[in-house]
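Student: All I have is the shape, not the residue letters:
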């Protein structure tokens, strides 16, 4: 379990029972860690950390011994080329390439841009197809900045990519990033004069549906959505949830149509309804939702979960993990039915990822 906080990274380890957890860290104390990723491809056993410091800037660090030692690069690899009208403010996401491309990695940054490495992270290049998009000069940051936070690589087709950009929307490429189409049809943007614009929607997180046919889940600033295998418009599936606002969405890696969300009251009050932390689950692509609170704090628990704060593992039964902005890490070993706290008194949690997740 890889946990990024505003004051460092933590690595939790357990066996298949997931009963007892050993906590390592903090690593990079005092620095914000927005993303952590495990890369076990091509014989590697590597952790990647997106290290963000207001003083030192943003860079990628790696560990090949589960956090005992970390690299401190002499030069920042993820950076805009000379002459570009931008500089990297934060690194938000690190994603593995297609299984057939075991040395490929992707990185999403703020201001919104996509970088790619084809040599296991030794060097990085800016994706010019997205950077030169004709609408890019008009993109405006929202409350969380202008960040590219979600990167999906189609497990069936290595050239098929879907990304999410805060305050802009979802984009899709079917030619390995050479060109991109905006994919926001059916997604509301109630805070804009035109509630269904071509772009300007504030996507909070996207995740593949395990159907492995190209279907996608989305948690938006205004609603939860699902898009079918043929692309096209999104279908809003907020009905049955207590609100249309939330940050993370995590999908079951094996069971199609199954995902988890953590709705909050709204944009102006980002805490759980009635002070009761709850995780909601769908098993039919959002046609219905079921609430789980067993083992979760409340009432009178006024906390929230940020966009990278939820993940699943690859065990059976499925493990689901949620980190809060008040420093608690909760785990479920029964597909979200019941919960147990496995770490407390951490700094506010920015990201949660499982090292063996698919």
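Tutor: Arrived safely, thanks for sending. Note that the structure is a prediction, hence the values are computed from the model and not measured.
Student: and residue 217, what does it touch?
Tutor: Applying CB atoms under 8 Å, 6 or more residues apart in numbering, we find residue 217 in contact with 206-209, 224-226, 249, 251, 259, 285-286. C-beta: built from backbone N, CA, C; applies to glycine.
Student: For the residue nearest the centre of the chain, which non-adjacent residue is closest in space?
Tutor: With distances taken as CA atoms, centre = their mean, residue 308 lies nearest the centre of the chain, 4.3 Å away. Leaving aside its sequence neighbours, residue 308 sits nearest to residue 351 (CB to CB, 6 or more residues apart in numbering; 3.6 Å).
Student: Please tell me I have it right and the one you found contacts residue 48.
Tutor: No - counting by CB atoms under 8 Å, residue 351 stays clear of residue 48, with 11.6 Å between them.
Student: what about the two, which has more around it?
Tutor: residue 351 (29 against 22; other CB atoms under 10 Å).
Student: Quick check on that one: phi, psi?
Tutor: phi -150, psi 150 (degrees, to the nearest 10).
Student: Please tell me how far it sits from residue 52.
Tutor: Separation of residue 351 from residue 52 (CB to CB, to the nearest Å): 11 Å.
Student: shared neighbours of the two, anything?
Tutor: Taking CB under 8 Å, 6+ apart as the criterion, residue 351 and residue 52 both touch 33-34.
Student: Is residue 129 located within a helix, as I assumed?
Tutor: Yes - counting by DSSP: H, G, I helix; E, B strand; the rest coil, residue 129 is located in a helix.
Student: start to end distance for stretch 113-122?
Tutor: From its first residue to its last, stretch 113-122 covers 19 Å (CA to CA, to the nearest Å).
Student: can you give me the helices for the stretch 201-350 of the chain?
Tutor: With DSSP state H, counting those that start in this stretch, there are no helices along the stretch 201-350 of the chain.
Student: so where do the strands sit in it?
Tutor: Counting by DSSP state E, counting those that start in this stretch, the stretch 201-350 of the chain has strands at residues 203-208, 216-220, 223-227, 235-236, 249-251, 259-261, 279-282, 290-292, 310-312, 320-323, 329-332, 340-343, 349-353.
Student: of all these, which lies closest to residue 33?
Tutor: Nearest to residue 33, of all the strands of the stretch 201-350 of the chain, is strand 349-353, at 6.3 Å by CB to CB.
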